[in-house]
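> Need coordinates for the below:
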Amino acid sequence: MMRFELENEEGLRLRGLAYGATLTSLTLPVAGERREVLLGCADEAYPPQQGWLGAVAGRFANRIGGARLEREGQCWTLDANQGANCLHGGRDGFHRRTWQIKEQEADRVKLALLSRAGDQGFPGNLRVSLEYRLEQCDLVVDFCASTDAPSPVSLTSHAYFNLDGGGDIRHHTISLDADRYLPTDDQSLPLTIAPVEGPFDLRVPRPIGQAWLDHPQQQLAKGYDHAFLLNNSDFEPADEPFGGSNQPWAARVISGDGKLAMAVYTNQPSLQFYSGNWLTGTPDRQGRPYRDYDGFCLEAQQLPDSPNRPALGDPWLLPGQRYRHQTRYRFIPAP
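As a prediction, this is how the structure comes out:
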């Protein structure tokens, strides 16, 4: 498998694969030692594992109900890879494609992918470029895409984080800048847009495991697996400084040991907060099985099931338009 490795002067070291544009490792200095903050497995274990471990989810991240698209009288049948629904673009989505490495420098790499019309049932030829780069204490994920026919597009990194370097992430503390979220049904499809409440009110920092599974929505999902509608996602990535002091963060997470924090900035309308509810059996780097809640994801994206539900936004990319998604993960070691 084609690999890449990046490092910058602040000591961030990122490793990845062209397969799935997968991030396999991110280490940085914390309290005098190097700490691994991403879940990963052996290179040869990435193709068979089912957790989207560190990979790009696309052409449309999250779920499309009924694995169908309808627009202006046309209908497309998508790959149904989770029950009757299409999850993360289908079973052979972007996570199972070998991306081209187009450019690489010490602290950045650019990858590209062409998704042909009909790929997993989606319309239009979609050209995607992706840049991973390290800027000071930030990991930046930068997507661009264009199409020759209308197509819904929502790309995200499905990286699993553990800021302690291992163990149960329910000891982490999280806050999200979101007044609203999407409660889900038993297929994890959104029911409606609702105000945050109870354990879903994360506007004030809260231990992830506090009052664990007390809420019916958590019981249904076995934890958190919900989209939070961000309060401030209307800026452009070209604005400077992106992620600067005037730009509000979308999420902030503090490790269980209090030695590392991570702030997330994005121009996407939502963050899917997933608490690793179904990780059991996914292999780690030594081939041992991970356990549920060994990692969490904060997936910046369009709203789930929005291609067919205008009330949830318009994720359709049209010819002549450019899809632009930038998310920045900032790591802040304790002084």
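> The nearest residue to Gly66 once chain neighbours are set aside: what's it in contact with?
In space, and not counting its chain neighbours, Gly66 is closest to Ala84: 5.8 Å by C-beta to C-beta, 6 or more residues apart in numbering. Quick note: C-beta positions are derived from backbone N, CA and C, even for glycine. Residues counted as contacts of Ala84 (C-beta atoms under 8 Å, 6 or more residues apart in numbering) are Gly65, Gly66, Ala67, Gln187.
> now Leu176
Counting by C-beta under 8 Å, 6+ apart, Leu176 has contacts Leu202, Arg203, Phe228, Leu230, Ala250, Ala251, Leu271, Phe273.
> repeat that with 6 Å
Leu202, Phe228, Ala251 (C-beta atoms under 6 Å, 6 or more residues apart in numbering).
> Let me know whether the last one touches Glu299 as I believe.
No: in this structure, Ala251 sits apart from Glu299 without contact. The criterion is C-beta atoms under 6 Å, and the distance is 10.7 Å.
> circling back to that earlier point, how about a markdown table for the contacts of Leu176, with distance to Gly51, neighbour count and secondary structure added?
A markdown table is the format used below for the contacts of Leu176 (distance: C-beta to C-beta, whole Å; neighbours: other C-beta atoms under 10 Å; DSSP: H, G, I helix; E, B strand; the rest coil):
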| residue | distance to Gly51 | neighbour count | secondary structure |
| --- | --- | --- | --- |
| Leu202 | 23 | 21 | coil |
| Phe228 | 21 | 24 | strand |
| Ala251 | 21 | 22 | strand |
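> Out of the residues you listed, the closest to Glu5 would be?
Comparing these against Glu5 with C-beta to C-beta places Ala251 closest, at 26.8 Å.
> Any idea what that closest one is bridged to?
Leu176, Val264 (DSSP bridges).
> Go ahead and flag the most central residue of the chain.
With distances taken as C-alpha atoms, centre = their mean, the residue of the chain nearest its centroid is Glu299 (2.6 Å).
> element containing that residue?
strand 297-301 (DSSP states H and E).
> quick one: average pLDDT of that strand?
Averaging pLDDT along strand 297-301 gives 98.
> next one: stretch 30-47
The pLDDT scores in stretch 30-47 average 97.
> does Asp92 sit in a helix, a strand or a coil?
Under DSSP: H, G, I helix; E, B strand; the rest coil, the three-state class of Asp92 is coil.
> Now do the strands in the stretch 151-300 of the chain.
151-152, 156-157, 173-176, 178-181, 194-195, 206-207, 225-230, 251-254, 260-266, 270-274, 297-301 (DSSP state E, counting those that start in this stretch).
> okay, these, which one's buried deepest?
strand 156-157 (a mean of 28; mean count of other C-beta atoms under 10 Å).
> what about that strand, distance to the chain center?
4 Å (C-alpha atoms, centre = their mean, to the nearest Å).
> which other residues reach it?
With C-beta under 6 Å, 6+ apart, strand 156-157 has contacts from Ala57, Ala61, Val141, Glu299, Ala300, Gln301.
> May I have the residues that are in contact with the third one?
Taking C-beta under 6 Å, 6+ apart as the criterion, Val141 is in contact with Ser157, Thr327.
> who does it bridge with?
Beta bridges link Val141 to Tyr132, Thr327 when assigned by DSSP bridges.
> now swap in the first one and tell me
For Ala57, the beta-bridge partners are Thr156 (DSSP bridges).
> and it, how far is that from Gln50?
Distance from Ala57 to Gln50, counting by C-beta to C-beta, to the nearest Å: 13 Å.
> before we move on, what about the fifth one?
Ala300 is 22 Å from Gln50, where distance means C-beta to C-beta.
> Please apply the same query to the second one.
For Ala61, the distance to Gln50 (C-beta to C-beta) stands at 16 Å.
> same thing with the third one?
Here the distance between Val141 and Gln50 works out to 22 Å (C-beta to C-beta).
> With the last one instead?
Gln301 sits at a distance of 19 Å from Gln50 (criterion: C-beta to C-beta).
> One more: Leu6?
According to C-beta to C-beta, Leu6 stands 27 Å off from Gln50.
> what about the two, which has more around it?
More neighbours surround Leu6 than the other of Leu6 and Gln50, with 20 against 10 (other C-beta atoms under 10 Å).
> Across the sheet, point out what pairs with the closest residue to the more buried one other than its chain neighbours.
In space, and not counting its chain neighbours, Leu6 is closest to Leu14: 4.4 Å by C-beta to C-beta, 6+ apart. On the basis of DSSP bridges, Leu14 is bridged to Leu6, Leu26.
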